[in-house]
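Enquirer: Any chance you could fold what I've pasted below:
(one chain, ligands or ions: 1)
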Amino acid sequence: MKSILIHGDNIAGLKYLLNEKNLKGKIDLVYIDPPFATGVNFTITDGRATTISNSKNGNIAYTDTLKGTDFIEFLRERLNLLKELLSEQGSIYLHIDYKIGHYVKVMMDEVFGIENFKNDITRVKCNPKNFDRIGYGNMKDLILFYSKTTTPIWNEPREKYTEKDFEKLFPKKDKQGRRYTTVPIHAPGETENGKSSQPFKGIFPPKGRHWRVNVETLEQWDKDGLIEWSSTGNPRKIIFADEREGKRVQDIWEYKDPQYPTYPTEKNPDLLDLIIKTSSNNDSVVLDCFCGSGTTLKSAQTNNRKWIGIDQSEHAIKATKDKLETVEGDLFIAKPDYEFIELTETMPSCQQRLKSSGQKVLI
Ligand SMILES: C[S@@+](CC[C@H](N)C(=O)[O-])C[C@H]1O[C@@H](n2cnc3c(N)ncnc32)[C@H](O)[C@@H]1O
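Expert: Purely as a prediction, here's the structure:
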């Protein structure tokens, strides 16, 4: 299939994908960054996005006026449709803020099942603020991550060690100057008569613990020079820095938003790259039904995924098309080639497709 950009309300757009495009169960990854129930209008003034503004002069890019239960129900309706579209190996990431995020979490537990809740990722979005108000400065928002089933796509991400990490985590150097650290070769819990409770070089594991591997492996490690013996005769396993692929990625992410956004609340593309690489594959379809300026779509394109974007704002669609234009295409990344669909609500209950490159679908 071709990638798809839809201009229209996302309820209509998602139903269109289900009923007209037969995409039920075909989407591997959803990322959405809906309005956050902030109660304001987001504007574009003289071609520049104002992050939060009630400016009378700017063009409204989108409004964010739904509050409380209305907002939660607005999201629930869309999440139910997204769940139908998700494949059995699918995941959904929902970006939200600290004011409404906890209510959204409870509702998402209902829609996707608390057993499929994976993470509440803290996203550090800006530098410390010095606003004069009672309360701590707010530097974060959150991303709620759920899988559709227990077997989602998961390409373990790794973060590169910094020089500082190397010094802290691998403080020792061997004769060749190779950085390393040592870790205990025993772990909590006793095993009765197991291979991991037998003596190694005449030493038993400490009380209440067992060897992390069987004694034959310990012998092999020792032969290979991978055991370091302390002056008091305590064996520890050597771990070399240059053999580690990098750190495991944790649930606090620092991805500040662009300083000069082309669209209000435009997100950092590196954040999307991480999500897309981790939770989708090359043949996956990635969907963002609040696509704004198309950050998710460009990232999907540059990571060789197919994508579907929906937004009801004309400004968003223009910003998305402009952003996609910046992908020039080369040997490794294809130039975006997508179907553009206008969904208009002029003829209720009548579905008619006008076939052209920029087709209009009346719903
Ligand atoms: C927070 S912005 C998304 C920004 C985007 N992540 C980016 O990086 O540019 C939310 C977007 O949702 C769109 N939106 C809100 N309600 C919608 C609806 N019912 N159907 C389609 N789009 C909607 C708004 O027009 C807005 O562009």
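Enquirer: in this protein, which residue is closest to the centre?
Expert: Most central residue of the chain, judged by C-alpha distance to the mean C-alpha position with C-alpha atoms, centre = their mean, is Ile275 at 3.2 Å.
Enquirer: Not counting the strand or helix carrying that residue itself, show me its contacts.
Expert: Counting by DSSP states H and E, the element that carries Ile275 is helix 269-279. Outside helix 269-279, the residues that touch it by C-beta atoms under 8 Å, 6 or more residues apart in numbering are 28-29, 31, 91, 93, 123, 152-157, 249, 253, 255, 286, 295-296, 298-300, 302-303, 305. For every residue, glycine as well, the C-beta is placed using N, CA and C.
Enquirer: of those, list those near the ligand.
Expert: Contacts with the ligand within those, as defined by C-beta under 6 Å from any ligand atom: Thr295.
Enquirer: For stretch 66-80, give the mean pLDDT please.
Expert: Averaging pLDDT along stretch 66-80 gives 93.
Enquirer: List the residues that contact Pro235.
Expert: Shown in contact with Pro235 (C-beta under 8 Å, 6+ apart): Ile185, Phe200, Lys201, Ile203, Leu218, Asp222, Ile227, Glu228, Trp229.
Enquirer: Can you tell me which of these end up in strands?
Expert: Ile227, Glu228, Trp229 (DSSP state E).
Enquirer: Report how many residues lie close to the second one.
Expert: Burial of Glu228 is recorded as 16 neighbouring residues (other C-beta atoms under 10 Å).
Enquirer: so what's it bridging to?
Expert: As for beta bridges, Glu228 partners with Arg236 under DSSP bridges.
Enquirer: could you check the distance from it over to Lys172?
Expert: Distance of Glu228 to Lys172, given as C-beta to C-beta, to the nearest Å: 8 Å.
Enquirer: Please list only the buried members of the contacts of helix 269-279.
Expert: The neighbour count (16 or more other C-beta atoms under 10 Å) marks 28-29, 31, 91, 93, 123, 152-153, 253, 255, 286, 295-296, 298-300, 302-303, 305 as buried among the contacts of helix 269-279.
Enquirer: still on that earlier bit, please identify every residue contacting each of Glu228 and Lys172.
Expert: With contacts taken as C-beta under 8 Å, 6+ apart, Glu228 and Lys172 have Thr182 as neighbours in common.
Enquirer: Please name the residues that touch the closest residue to the ligand within the chain.
Expert: In the chain, the residue found nearest to the ligand is Gly292; the distance is 2.5 Å by C-beta to the nearest ligand atom. With contact set as C-beta under 8 Å, 6+ apart, Gly292 has these partners: Asp33, Tyr62, Tyr263, Pro264, Thr265, Glu266, Lys267, Asp311, Ser313, Ala316, Ala319, Thr320.
Enquirer: Any idea how many residues pack against the residue nearest to the second one when sequence neighbours are not counted?
Expert: What that stands for is Tyr62. Excluding its sequence neighbours, the residue lying closest to Tyr62 (C-beta to C-beta, 6 or more residues apart in numbering) is Ser313, at 4.8 Å. Neighbours of Ser313 under the rule other C-beta under 10 Å: 23.
Enquirer: Alright, calling it a day.
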